[in-house]
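A.B. asks: using only what follows, build the 3D model:
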Amino acid sequence: MASAPPPSAARLYRPNRFVSLPAELDPDTFDTSPEKRRAEAERLAIRSRLKRQYLLQLNDPRPPAIIENPALIRWAHAKSHNVYPTFRPTPKTSFLGAAFALAPLLFWMLVLKADRDRKEKRIQEGKYKRPFSVFF
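C.D. replies: So this is what the prediction gives:
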(Lines give C-alpha, C1' and ligand atoms only; values in the text may rest on other atoms or scores of the structure.)
Protein backbone atom coordinates (compact mmCIF):
# COMPACT_ATOMS: atom_id res chain seq x y z
CA MET A 1 0.00 0.00 0.00
CA ALA A 2 1.33 3.38 -1.01
CA SER A 3 1.11 6.14 1.47
CA ALA A 4 -0.09 9.61 0.56
CA PRO A 5 2.57 12.03 -0.64
CA PRO A 6 3.86 14.41 2.01
CA PRO A 7 2.13 17.77 2.11
CA SER A 8 3.82 20.60 0.27
CA ALA A 9 5.71 23.36 2.03
CA ALA A 10 2.88 25.73 1.25
CA ARG A 11 0.44 23.53 3.12
CA LEU A 12 2.75 23.16 6.11
CA TYR A 13 3.71 26.83 6.31
CA ARG A 14 1.94 28.88 8.93
CA PRO A 15 2.57 32.62 8.61
CA ASN A 16 4.15 34.39 11.52
CA ARG A 17 2.12 37.26 12.90
CA PHE A 18 5.19 39.50 12.64
CA VAL A 19 6.12 38.55 9.06
CA SER A 20 3.90 38.53 6.00
CA LEU A 21 3.46 35.46 3.82
CA PRO A 22 6.13 35.19 1.10
CA ALA A 23 4.86 35.50 -2.47
CA GLU A 24 6.18 31.99 -3.28
CA LEU A 25 3.90 30.49 -0.64
CA ASP A 26 0.85 32.65 -1.28
CA PRO A 27 -1.98 30.33 -2.42
CA ASP A 28 -3.39 33.05 -4.68
CA THR A 29 -0.31 32.85 -6.91
CA PHE A 30 -0.16 29.11 -7.55
CA ASP A 31 -3.40 27.46 -6.39
CA THR A 32 -5.75 28.92 -8.97
CA SER A 33 -8.92 27.41 -10.27
CA PRO A 34 -9.30 26.63 -13.99
CA GLU A 35 -11.75 29.53 -14.37
CA LYS A 36 -9.29 31.94 -12.83
CA ARG A 37 -6.45 30.66 -15.03
CA ARG A 38 -8.68 30.97 -18.12
CA ALA A 39 -9.65 34.55 -17.20
CA GLU A 40 -5.98 35.45 -16.64
CA ALA A 41 -5.09 33.93 -20.02
CA GLU A 42 -7.86 35.98 -21.71
CA ARG A 43 -6.66 39.18 -20.07
CA LEU A 44 -3.08 38.41 -21.07
CA ALA A 45 -4.17 37.77 -24.67
CA ILE A 46 -6.10 41.08 -24.78
CA ARG A 47 -3.12 42.94 -23.31
CA SER A 48 -0.70 41.36 -25.76
CA ARG A 49 -2.97 42.18 -28.74
CA LEU A 50 -3.28 45.80 -27.62
CA LYS A 51 0.47 46.02 -27.01
CA ARG A 52 1.23 44.54 -30.45
CA GLN A 53 -1.20 46.95 -32.13
CA TYR A 54 0.33 49.91 -30.29
CA LEU A 55 3.90 48.85 -31.11
CA LEU A 56 2.97 48.36 -34.78
CA GLN A 57 1.59 51.90 -34.87
CA LEU A 58 4.59 53.25 -32.99
CA ASN A 59 7.18 51.59 -35.24
CA ASP A 60 5.36 52.16 -38.53
CA PRO A 61 7.64 53.84 -41.10
CA ARG A 62 4.69 55.98 -42.20
CA PRO A 63 3.10 56.73 -38.82
CA PRO A 64 -0.31 58.30 -38.51
CA ALA A 65 -0.55 61.83 -37.17
CA ILE A 66 -1.84 60.65 -33.80
CA ILE A 67 -1.19 57.27 -32.23
CA GLU A 68 -4.15 56.47 -30.04
CA ASN A 69 -3.61 54.54 -26.87
CA PRO A 70 -7.02 53.27 -25.67
CA ALA A 71 -5.86 52.95 -22.06
CA LEU A 72 -4.64 56.54 -22.05
CA ILE A 73 -7.91 57.74 -23.59
CA ARG A 74 -9.92 55.88 -20.92
CA TRP A 75 -7.72 57.35 -18.18
CA ALA A 76 -8.05 60.91 -19.50
CA HIS A 77 -11.82 60.53 -19.82
CA ALA A 78 -12.15 59.17 -16.28
CA LYS A 79 -9.88 61.93 -14.95
CA SER A 80 -11.74 64.80 -16.61
CA HIS A 81 -15.37 63.68 -16.84
CA ASN A 82 -15.81 61.61 -13.72
CA VAL A 83 -14.98 64.08 -10.97
CA TYR A 84 -17.80 63.30 -8.51
CA PRO A 85 -16.37 60.08 -7.03
CA THR A 86 -13.08 61.81 -6.19
CA PHE A 87 -14.64 64.84 -4.46
CA ARG A 88 -17.89 65.19 -2.61
CA PRO A 89 -18.93 68.42 -0.94
CA THR A 90 -19.49 67.50 2.70
CA PRO A 91 -19.59 69.63 5.84
CA LYS A 92 -15.97 68.70 6.51
CA THR A 93 -14.74 69.78 3.06
CA SER A 94 -16.83 72.96 3.27
CA PHE A 95 -15.29 73.79 6.64
CA LEU A 96 -11.78 73.08 5.38
CA GLY A 97 -12.39 75.24 2.30
CA ALA A 98 -13.55 78.11 4.47
CA ALA A 99 -10.69 77.60 6.89
CA PHE A 100 -8.01 77.68 4.21
CA ALA A 101 -9.62 80.34 1.99
CA LEU A 102 -11.40 82.79 4.29
CA ALA A 103 -9.58 82.45 7.59
CA PRO A 104 -6.24 83.91 6.37
CA LEU A 105 -8.05 86.86 4.78
CA LEU A 106 -10.02 87.57 7.95
CA PHE A 107 -6.90 87.17 10.09
CA TRP A 108 -4.88 89.72 8.09
CA MET A 109 -7.84 92.10 7.95
CA LEU A 110 -8.07 92.03 11.75
CA VAL A 111 -4.31 92.42 12.21
CA LEU A 112 -4.11 95.41 9.86
CA LYS A 113 -7.26 97.03 11.35
CA ALA A 114 -5.92 96.63 14.91
CA ASP A 115 -2.58 98.12 13.88
CA ARG A 116 -4.28 101.07 12.18
CA ASP A 117 -6.55 101.67 15.20
CA ARG A 118 -3.56 101.50 17.58
CA LYS A 119 -1.64 104.04 15.48
CA GLU A 120 -4.67 106.31 15.25
CA LYS A 121 -5.14 106.23 19.03
CA ARG A 122 -1.45 107.06 19.63
CA ILE A 123 -1.66 109.91 17.10
CA GLN A 124 -4.72 111.37 18.84
CA GLU A 125 -2.96 111.13 22.23
CA GLY A 126 0.09 112.84 20.74
CA LYS A 127 2.44 109.94 21.53
CA TYR A 128 3.17 109.07 17.89
CA LYS A 129 4.74 111.37 15.36
CA ARG A 130 3.91 110.38 11.82
CA PRO A 131 7.01 109.94 9.69
CA PHE A 132 7.05 111.58 6.28
CA SER A 133 6.30 109.02 3.61
CA VAL A 134 5.62 109.56 -0.06
CA PHE A 135 3.97 106.19 -0.66
CA PHE A 136 1.91 105.58 2.51
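A.B. asks: going forward, measure contacts and count neighbours with C-alpha atoms only.
C.D. replies: Fine.
A.B. asks: any idea how far the residue nearest the centre of the chain is from residue 78?
C.D. replies: Ranked by distance to the mean C-alpha position of the chain (Cα atoms, centre = their mean), the top residue is residue 86 at 9.5 Å. Counting by Cα to Cα, to the nearest Å, the separation of residue 86 from residue 78 is 10 Å.
A.B. asks: likewise residue 16?
C.D. replies: 41 Å.
A.B. asks: more neighbours: which of these two?
C.D. replies: residue 78 (11 against 8; other Cα atoms under 10 Å).
A.B. asks: what ranges of this protein fall below the confidence cut-off?
C.D. replies: 1-2, 10-11, 13, 15, 25, 27-32, 82-85, 136 (pLDDT under 70).
A.B. asks: would you map out the domains in it?
C.D. replies: 24-87, 89-128 (the TED database).
A.B. asks: residue contacts, the residue nearest to the centre of the chain?
C.D. replies: Residues near residue 86 by Cα atoms under 8 Å, 6 or more residues apart in numbering: none.
A.B. asks: hey, where'd the strands end up in this structure?
C.D. replies: In chain order, the chain shows no strands, with DSSP state E as the criterion.
A.B. asks: tell me the buried residues in the longest helix anywhere in it?
C.D. replies: Counting residues, the longest helix found in the chain (DSSP state H) is helix 91-125. Of the residues in helix 91-125, residue 119 count as buried by neighbour count, 16 or more other Cα atoms under 10 Å.
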